[in-house]
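1. with the sequence up front, the predicted model follows.
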Amino acid sequence: SDDASYEDSVFFTKEFINLWISKQVLLNEADRVLNTQEKDKSLELEAYRHDLLTYELINKLVKQDIDTSFSDQELELYYEDNKKEFELTQNIIKLVFYKVPLNSKDLDLLWSSFKANDQSIYPTLVSLAKRGGNYYENGNTWVFFDDVLKEIPINTYNQEHYLKNHKYIRIIDEDFIYFIKINDFKTRSMLSPFVIEKQRIKEILLMKRQQELQKNIESNLLDKAYSNNHIQLF
């Protein structure tokens, strides 16, 4: 309601004011209690400024020079050499499903054909699903089982047991019936498929490449400074 949003706004405004007042009280107390030397933070501020400037410089030079592309071979090699890093933390499945209005015709016949893996009926199921239902036909793509449960009313307390014991599933829920086929599944702690980990591997290798390039840039700048006599050792 408008009253609730007004109360929230007043609450956050009061919180902001209280935080600001608290800071001012602490600053005033610091000004009173600390001596001149303790209050002088010029050295720390200058060191912090230097850190920020060197970070910005290295970051800019790295961005200019870094190659962000990786071959599939590079990614697959890292995956093969580091499989322990890629254990699944969620159950994943490959599936097709059709959410069809319960008042559709020939549902028993369609279910018999579906359960017999007669894919010639899929266009019919799609046509019926378009009447207010839903469908998913990317049967070779891995998806998280938890995400599937947001779309399909499967009730289970043990996902792993359920997946091991179901392939063709029919569920009736209020005004709809679901035809589900599980093509494949992998459970928690199994090796995560490369296709799922590909982007994460890119990010890992990119970070390693950035770190290596940063070291090289710093080393090259130092060598250049020495060769130009900008640095003298005594």
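-> Ah, there it is.
2. ranges for the helices of the chain?
-> With DSSP state H as the criterion, the chain has helices at 2-33, 36-39, 42-65, 72-81, 107-115, 122-129, 145-151, 159-165, 194-227.
3. how much space between the most centrally placed residue in the chain and Tyr78?
-> For the chain, the residue nearest the mean C-alpha position is Arg200 (9.0 Å; CA atoms, centre = their mean). For Arg200, the distance to Tyr78 equals 10 Å [CB to CB, to the nearest Å]. All C-beta spots, glycine's among them, are computed from the backbone N, C-alpha and C.
4. that older thread, so which of the helices of the chain is the most packed in?
-> Comparing those by mean neighbour count (mean count of other CB atoms under 10 Å), helix 122-129 ranks first with a mean of 17.
5. elements contacting that one?
-> strand 92-101, helix 107-115, strand 134-136 (3 or more CB pairs under 8 Å, 6 or more residues apart in numbering; DSSP states H and E).
6. distance between it and the chain's centre?
-> The chain centre lies 33 Å from the centre of helix 122-129; the measure is CA atoms, centre = their mean, to the nearest Å.
7. export it to CSV, keeping only CA atoms.
-> Extracted in CSV, the C-alpha atoms of helix 122-129 (Å, rounded to 0.1, in the frame of the first residue of the first chain):
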residue,chain,number,x,y,z
TYR,A,122,5.3,-34.5,-30.8
PRO,A,123,3.8,-31.9,-33.3
THR,A,124,0.3,-32.8,-32.0
LEU,A,125,1.5,-32.3,-28.4
VAL,A,126,3.1,-29.0,-29.3
SER,A,127,-0.2,-27.9,-31.0
LEU,A,128,-2.2,-28.8,-27.9
ALA,A,129,0.4,-27.2,-25.5
